[in-house]
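J.: what follows is a predicted structure for the sequence shown.
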Amino acid sequence: MLTKTQLWPAILLLCYLSACTTKIPKEISHPPHSLITISDIQSQPELYSGTSVRWGGIISQTEHSHQHTQLIIIAYSLNKQGRPIAGDHSEGRFVANIKGFLEPTVYNAERALTINGQVTGLQTINIGDFPYAHPVIDVTQFYLWPELPDEQDFDYYPYWWDNRWYYLYHPHPHRH
């Protein structure tokens, strides 16, 4: 039996370990053995049919049918945890078919998503007037990343900052 002095460190250790756990599925956080690109599939779709991929990006469009939710995703490279790194260079677009209904207000445009699934072919969808061959992935695992706060939401001042120091060195005109 543990005494009170032995119990507290054990409780603190359990709390610390539970805080370190993550909900990101292993299939999302670990890269696959082969790295197949969107252009690989666009050039030879029959060669890659049934192949597993782990891709991610920013949701562009959400459509629903009776069997699944279809997400059109603008692909970006992934960081170490598998989160898409949005920037000025996209790797292309792909279609992710996910069984069941996904709430469109949650899985909406500009949300980051990483998927794991099998290539099933190509689907040509127009982007404006331009026909674009989207690789189609039947998703087996996916992760919707939490939204990052906007830069304007951050408080860039250090914890010790006090506005009165600013006003001492940057006085404002007196109001009459």
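T.: Now that the structure is in, tell me what you want to look at. Numbering: from 1, shown residues only.
J.: going forward, measure contacts between C-alpha atoms and count neighbours the same way
T.: Fine.
J.: which helix or strand contains residue 54?
T.: Assessed by DSSP states H and E, residue 54 sits inside strand 52-64.
J.: neighbouring strands - and their directions - for that strand?
T.: Strand pairing for strand 52-64, determined by DSSP bridges: strand 68-76 (antiparallel), strand 112-127 (antiparallel).
J.: residue ranges with poor pLDDT in the protein?
T.: Scanning the chain for pLDDT under 70 picks out 1-22, 150-176.
J.: if we go to 80?
T.: 1-22, 32-34, 148-176 (pLDDT under 80).
J.: can you pull out the helices in it?
T.: All helices of the chain, identified by DSSP state H, fall at 4-20, 26-29, 38-43, 45-48, 163-169.
J.: and residue 145, how close does it get to residue 82?
T.: Distance from residue 145 to residue 82, counting by Cα to Cα, to the nearest Å: 10 Å.
J.: ok, now residue 66?
T.: Distance from residue 66 to residue 82, by Cα to Cα: 30 Å.
J.: ok, residue 140 next?
T.: 15 Å.
J.: neighbour-wise, which of these two wins?
T.: Just comparing residue 140 and residue 82: by other Cα atoms under 10 Å the higher neighbour count belongs to residue 82, 25 against 15.
J.: circling back to that earlier point, intersection of neighbour lists for residue 145 and residue 82?
T.: Taking Cα atoms under 8 Å, 6 or more residues apart in numbering as the criterion, residue 145 and residue 82 both touch residue 114.
J.: residue 84 reaches residue 78, doesn't it?
T.: Yes: the criterion here is Cα atoms under 8 Å, and residue 84 meets it with residue 78 at 4.4 Å.
J.: for the nearest residue in space to residue 139 that is not next to it in sequence, give me its contacts.
T.: Closest residue to residue 139 apart from its sequence neighbours, by Cα to Cα, 6 or more residues apart in numbering: residue 117 at 4.1 Å. Neighbour list for residue 117: 52-54, 137-141 [criterion: Cα under 8 Å, 6+ apart].
J.: now residue 117, which residues is it bridged with?
T.: Beta-bridge partners, per DSSP bridges, of residue 117: residue 53, residue 139.
J.: so what's residue 114 up against?
T.: 28, 54-57, 82-84, 142-145.
J.: can you tell me which two in the residues you listed are farthest apart?
T.: 54 and 145 (14.6 Å; Cα to Cα).
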